[in-house]
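Novice: build the 3D model from these lines:
(chains A, B, C and D)
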Protein chains: 4
Amino acid sequence: MPKSQPPRALLSAAQVNALMDRAYPQLNAAARCYFILDVFDGGCRARLDADDRHLRPGGTVSGPSLFTLADIGGYGCALSHAGGDALAVTTNLDINFMRKAGPGPVDAQCRILKLGRSLMVFSCEIFSPAGELAAFATGTYSIPPRQAAK
Amino acid sequence: MPKSQPPRALLSAAQVNALMDRAYPQLNAAARCYFILDVFDGGCRARLDADDRHLRPGGTVSGPSLFTLADIGGYGCALSHAGGDALAVTTNLDINFMRKAGPGPVDAQCRILKLGRSLMVFSCEIFSPAGELAAFATGTYSIPPRQAAK
Amino acid sequence: MPKSQPPRALLSAAQVNALMDRAYPQLNAAARCYFILDVFDGGCRARLDADDRHLRPGGTVSGPSLFTLADIGGYGCALSHAGGDALAVTTNLDINFMRKAGPGPVDAQCRILKLGRSLMVFSCEIFSPAGELAAFATGTYSIPPRQAAK
Amino acid sequence: MPKSQPPRALLSAAQVNALMDRAYPQLNAAARCYFILDVFDGGCRARLDADDRHLRPGGTVSGPSLFTLADIGGYGCALSHAGGDALAVTTNLDINFMRKAGPGPVDAQCRILKLGRSLMVFSCEIFSPAGELAAFATGTYSIPPRQAAK
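Specialist: Sure, this is the predicted structure:
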């Protein structure tokens, strides 16, 4: 049914990870745990290598850690598809937590629902290390207007 | 990546439409415009036949009409997969409006993200008559506990 | 704790209702049931006079009717505080349904959380005719850039 | 307009902080930065003492840090008003980011919108150290059924 072409990816996962490391060094200050696995036209895949620091009562990955992964996935979509401006900011994020995720690789499949001039809307399916749908998020990034060479 | 099986559909689209007509006659009182097109394991497809009554400034289908379609899509998922109890109620719905939808058939592709004992979480992709992604919703239905035969 | 001044109201409730009637005649086509009661600096109060047409199974005001009220409340905020441009559109709305609302006057207390150049964020508390908190919504309106005199 | 009485607080801020330290030691593992300032009938106030670790590009407190504060505020509401069961879990959280928050004390004013038998709905207003509304969140906690003495 969907007719429209997905927006084109302009940067690779490695380029996005390098940009994020420079712009947001606090994210992985303690250890490299959040990163972009893959970038494709219309979205990206982000991973959290969840260890003990990300767990909450009951031994499952905490809500804030899954939120961070969804937010990083959206940031990866914005950086890779809207020209690499590190100043894109989240304006809204809605997340449903559905199943427990234990420690291990937690993957977010992120899809750009709309890439407008100033807003990008995206969704994220987050899968537990056991391959179950752990959380689902939708969010909006505000994308700053393109600047002249600086 | 997703491992889990989708929940089984227990009712057909015709059965769900009949249930909705009985339980919620106000929905299509003026004319039959909201209905379930199809039910399948793990979700359903709902349609709004949008006419002049559903338009807002600019000649596009109004936000409330698209919200209603998403809500009906979730209701269709709950009725068809959780035993046909008409008393399921929406507890939360989040919707992003992305592209204009003109008059004509507006379709919602609805997917059950989780069917628990008391809550069902679902998502809806809503497509304009031109086949573009017009809106995206996620929501939660509260499902009443099964009652003994009555 | 909040330091910032609320944005100034530029139009009265009567002016907003007149604008809405012109721009969105479908809203109250069958009967006058949705309208703005009051406008004040930083927000407005909207009312749904709920009758049988707005009820769903169980005799309570339907989710779509409460969503419509929240959306109209946000529209009232945008029209009254951002210069009366009828082309403002909802980009996101999140609503929690909490308690049943029976037929009668359902009031929404709407507050502008942020009025930016291109986006307005608002919240709505929706009270049942019995005075209980029936629903709570937050949403975003996209506000078109000011146009030269037309 | 609101008629209903707020739910009663059963625990103090100190009791809630002690519970959170035991149940969720990862939260403040590096330094004590998230905690409950105050508990009152119908809600609580939570604080993030934001330092360099919580900042993102542009020198402002990151979205995930504000999300964590909102989530902790909701957890504080659930622990203090629903009997101190540490196993309450977030099922949904929606957050709007509106203004930048610099480093310093970031406070969340959290209010219980509904305390049901199995779900608690809450809202959080988050204020920057400069006293401006930085973010607004609404969320739902699932509250496990009361257990016999253990």
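Novice: for the longest helix along chain A, C-alpha coordinates in PDB please.
Specialist: Criterion DSSP state H: the longest helix present in chain A is helix A:63-81. Taking Å, rounded to 0.1, in the frame of the first residue of the first chain, the C-alpha atoms of helix A:63-81 are listed here in PDB:
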ATOM      1  CA  GLY A  63      12.900   1.700  31.100                       C
ATOM      2  CA  PRO A  64      15.400   4.600  30.900                       C
ATOM      3  CA  SER A  65      17.900   2.400  29.100                       C
ATOM      4  CA  LEU A  66      15.300   1.300  26.500                       C
ATOM      5  CA  PHE A  67      14.200   5.000  26.200                       C
ATOM      6  CA  THR A  68      17.900   6.000  25.600                       C
ATOM      7  CA  LEU A  69      18.200   3.300  22.900                       C
ATOM      8  CA  ALA A  70      15.000   4.500  21.200                       C
ATOM      9  CA  ASP A  71      16.300   8.100  21.400                       C
ATOM     10  CA  ILE A  72      19.700   7.100  20.000                       C
ATOM     11  CA  GLY A  73      17.900   5.200  17.200                       C
ATOM     12  CA  GLY A  74      16.000   8.400  16.300                       C
ATOM     13  CA  TYR A  75      19.200  10.500  16.500                       C
ATOM     14  CA  GLY A  76      20.900   8.000  14.200                       C
ATOM     15  CA  CYS A  77      18.000   8.300  11.700                       C
ATOM     16  CA  ALA A  78      18.200  12.100  11.900                       C
ATOM     17  CA  LEU A  79      22.000  12.300  11.600                       C
ATOM     18  CA  SER A  80      22.100   9.800   8.700                       C
ATOM     19  CA  HIS A  81      19.300  11.200   6.700                       C
END
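Novice: same question for it: list its buried residues.
Specialist: Residues of helix A:63-81 classed as buried: A:63-81 (neighbour count, 16 or more other CB atoms under 10 Å in any protein chain shown). All C-beta atoms are positioned from the backbone trio N, CA, C, and that covers glycine.
Novice: packing partners of whichever helix or strand comes after it?
Specialist: Counting by DSSP states H and E, the next helix or strand C-terminal to helix A:63-81 is strand A:89-97. Here strand A:89-97 touches helix A:63-81, strand A:133-142, strand B:133-142, helix D:63-81, strand D:89-97, going by 3 or more CB pairs under 8 Å, 6 or more residues apart in numbering or on different chains; DSSP states H and E.
Novice: which parts of chain A sit against chain C?
Specialist: A:91-92, A:94, A:118-119, A:140 (CB under 8 Å from any CB of the partner chain).
Novice: right, and the pair among these with maximum separation?
Specialist: Based on CB to CB, the longest span within the residues of chain A next to chain C runs between A:94 and A:118 and measures 19.6 Å.
Novice: when these two are compared, which one has more neighbours?
Specialist: With neighbours defined as other CB atoms under 10 Å in any protein chain shown, residue A:94 and residue A:118 compare such that residue A:94 has more, 27 against 13.
Novice: where does chain A have its least confident helix or strand?
Specialist: strand A:55-56 (a mean of 84; mean pLDDT, DSSP states H and E).
Novice: how near is residue A:28 to chain D?
Specialist: Residue A:28 sits 12 Å away from chain D, going by CB to the nearest CB, to the nearest Å.
Novice: pretty sure residue A:22 is one of the things that residue touches, is it not?
Specialist: No - with contacts counted by CB atoms under 8 Å, residue A:28 stays clear of residue A:22, the gap being 11.7 Å.
Novice: ok, the two, which is more surrounded?
Specialist: More crowded of residue A:28 and residue A:22, by other CB under 10 Å: residue A:28, with 15 against 10.
Novice: please list all residues in contact with that one.
Specialist: A:21, A:34-35 (CB atoms under 8 Å, 6 or more residues apart in numbering or on different chains).
Novice: can you tell me the SS state at it?
Specialist: Classification of residue A:28 using DSSP: H, G, I helix; E, B strand; the rest coil returns coil.
Novice: can I get the contacts of residue A:28 in CSV with distance to chain D, secondary structure and pLDDT?
Specialist: Below are these laid out as CSV (distance: CB to the nearest CB, whole Å; DSSP: H, G, I helix; E, B strand; the rest coil; pLDDT from 0 to 100):
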residue, distance to chain D, secondary structure, pLDDT
A:21, 12, helix, 90
A:34, 10, strand, 95
A:35, 15, strand, 95
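Novice: most neighbours among these, which one?
Specialist: Counting neighbours by other CB under 10 Å, residue A:34 comes out on top of the contacts of residue A:28 with 27 neighbours.
Novice: tell me the pLDDT at residue A:125?
Specialist: On the pLDDT scale, residue A:125 is placed at 98.
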